[in-house]
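Undergrad: sequence and predicted structure, then a few things I'm wondering about:
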Amino acid sequence: QKEVEQDPGPLSVPEGAIVSLNCTYSNSAFQYFMWYRQYSRKGPELLMYTYSSGNKEDGRFTAQVDKSSKYISLFIRDSQPSDSATYLCAMSAAGNKLTFGGGTRVLVKP
Amino acid sequence: DTAVSQTPKYLVTQMGNDKSIKCEQNLGHDTMYWYKQDSKKFLKIMFSYNNKELIINETVPNRFSPKSPDKAHLNLHINSLELGDSAVYFCASSQDRGYWFFGPGTRLTVL
């Protein structure tokens, strides 16, 4: 079993809908949590960074971390076709190694 | 103004050859990494260097040898390339448990 689990999708939503993504993990030492967006044939681009539990909002993006359930989420409001990409969750324990989920492919249809 | 850059972007080569990938970061970060992304898009860490010192080596075959001439550069040399080495290799950097920034990737195809 992988340390970080993420549904591969694809997740298809109409433009304007809320996209809901999540990851579960098994390592209770993880305390730094990130979401990356990766377009086809490009490098991962950092979207959200959260330390420990709680919520963080940045524009249309909201990240939530529930350490008691070992569960993190990313919500994208008012989704746009340009949000179509693969979204990767990533986490770290001591800040020296980033462990990724397998990524969820998202398709926002106009 | 590119934060993490890699060269080359594409690399096509024959089995058995030796090749190198170069990475440079201009963020002033102390730690640099090599990650491998396989055909299923799974990103896995290979190596980590902190201030030119190797700190993580994740059971990578010794055909792979990283080299850090200074803290802004981390190169990856691969000897005797095999078909299974075909993947996208990403360089990344970070500072003090902060954000990890990734390069654009090098797509390696071994024929």
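TA: Sure, I can see it. Residues are numbered from 1 along each chain as shown, chains lettered A, B, ... in the order given.
Undergrad: which bits of chain B sit near chain A?
TA: Contacts of chain B with chain A, taken as CB under 8 Å from any CB of the partner chain, map to B:4, B:31, B:33, B:40-45, B:48, B:50, B:55-56, B:90, B:92, B:94, B:96-105, B:107. Heads up, the C-betas are built off the backbone N, CA and C, glycines and all.
Undergrad: repeat the analysis, applying 7 Å as the threshold.
TA: B:40-43, B:45, B:48, B:55-56, B:90, B:97, B:99-105 (CB under 7 Å from any CB of the partner chain).
Undergrad: which of these are buried?
TA: Using 16 or more other CB atoms under 10 Å in any protein chain shown as the burial test, the residues of chain B next to chain A include B:41-43, B:45, B:48, B:56, B:90, B:100-105 as buried.
Undergrad: which residues touch residue B:82?
TA: B:15, B:110 (CB atoms under 7 Å, 6 or more residues apart in numbering or on different chains).
Undergrad: please pull out the lowest mean pLDDT helix or strand from chain B.
TA: One helix or strand of chain B scores below all others by mean pLDDT, DSSP states H and E: strand B:53-57, with a mean of 85.
Undergrad: roughly how far is it from the heart of the chain?
TA: 13 Å (CA atoms, centre = their mean, to the nearest Å).
Undergrad: please enumerate the strands of chain A.
TA: A:4-6, A:11-14, A:19-25, A:32-38, A:45-51, A:54-58, A:61-66, A:71-76, A:85-92, A:99-100, A:104-109 (DSSP state E).
Undergrad: next secondary structure element downstream of the least confident helix or strand of chain B?
TA: strand B:64-70 (DSSP states H and E).
Undergrad: that next one: partners in the sheet, and parallel or antiparallel?
TA: Strand B:64-70 has its sheet partners listed here by DSSP bridges as strand B:73-78 (antiparallel).
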